[in-house]
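Engineer: Sharing a sequence plus its predicted fold:
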Amino acid sequence: MIPAMFYHKNEKKSSFSSVLPSVHLFSRGLPLNIKLTVYHNTDDTVFTLPVKRVKIIVMNVFFMMFRQLFTEQKENSMTASEDDNYIDGDVFHSGESRIYRREESPEDLYFKESSHMARVVYQRAHENWDFPEDDPKHGSGYNYCKWITSEQPGTAENFSFNSNLNAMIESSLEPYASLGWHTHYDTEEYYYVLAGSIYVECRDENGSTYGRDLHSGDLHRIKKGMSHYAIAGSEGAKFIAVIIKAV
């Protein structure tokens, strides 16, 4: 098992006290002060601070609010794309779907433009009912994928030069989303992390289990017959998944 901090979405946040100032001028030749009443839960405290100190407190409060907003925008950008027209995964795989959505040309044998690659969103990717819904091995949250290329049945585009490439996908997990526990019966797979963080746990054919937190620039791989699952960190995770046909 992994520590709860890896997969609880509703983390405990630090609470901010509400500061309500009431102004009182002191007429004894002393510097101007402001009396503040600070409410925190059910207790309140009254104290006096110099105006300069109050300004610093107010500036810090605004800074923390701005930082929180920036963090939320950063997390959201982990799954953002220049093309927001994502196709539901069930719809995408229900028939013959095009991985590259543009008119074919001779240059398409050698080049691809990101804007024409299929965008697909999966909810609870690799969902596994052998595990309870609150277990990350079940699969949870949203996984936004850009299909770079595929030779899988139903989406094969014959882009590969007679190689064993099965698929290449740019995958973005929202914060704390997970890919459910699943087995690769006839393929090997590589995760190359581009941004954010992701915890991956895998089990080999001998039953040995391995797990590690991965960050930008790190790599995970499994071979045929192995099983694994993955869960994104607090900022989400973006990685390239390369799937190879096992020989």
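Structural biologist: Yes, it's here.

Engineer: only C-alpha atoms for contact and neighbour calcs from this point on.
Structural biologist: Fine.

Engineer: ok, Ser140 touching Ser178?
Structural biologist: Yes. Using CA atoms under 8 Å, Ser140 and Ser178 qualify as a contacting pair, with a distance of 5.1 Å.

Engineer: got any ranges where this protein has weak pLDDT?
Structural biologist: When residues are selected by pLDDT under 70, those of the chain lie in 1-84.

Engineer: hey, where'd the helices end up in it?
Structural biologist: Remark: helices of the chain, listed N- to C-terminal, are 51-77, 89-92; assignment by DSSP state H.

Engineer: who's in contact with the closest residue to Lys137 other than its chain neighbours?
Structural biologist: Closest residue in space to Lys137, ignoring its immediate chain neighbours: Gly180 at 4.5 Å, by CA to CA, 6 or more residues apart in numbering. Gly180 makes contact with 124-128, 136-140, 228-230 under the criterion CA atoms under 8 Å, 6 or more residues apart in numbering.

Engineer: that older thread, between Ser140 and Ser178, which contacts overlap?
Structural biologist: In the contact map built from CA under 8 Å, 6+ apart, the residues linked to both Ser140 and Ser178 are Arg124, Ala125.

Engineer: More neighbours: which of those two?
Structural biologist: Ser178 (32 against 26; other CA atoms under 10 Å).

Engineer: partner residues bridging that one?
Structural biologist: In this structure, Ser178 has the following beta-bridge partners (DSSP bridges): Ser140, Ile231.

Engineer: contacting residues for it?
Structural biologist: Ser178 sits in contact with Arg124, Ala125, Pro136, Lys137, His138, Gly139, Ser140, Gly141, Tyr229, Ala230, Ile231, Ala232, where contact means CA under 8 Å, 6+ apart.

Engineer: Touching, the first one and Gly141? I think so.
Structural biologist: What that stands for is Arg124. Yes. With contacts counted by CA under 8 Å, Arg124 reaches Gly141, the gap being 5.4 Å.

Engineer: what is in contact with these two at once?
Structural biologist: Taking CA under 8 Å, 6+ apart as the contact rule, Arg124 and Gly141 both touch Ala177, Ser178.

Engineer: before we move on, the earlier item: which of the contacts of Ser178 sits closest to Ile198?
Structural biologist: When the contacts of Ser178 are compared for distance to Ile198 (CA to CA), Ala232 wins out at 4.3 Å.
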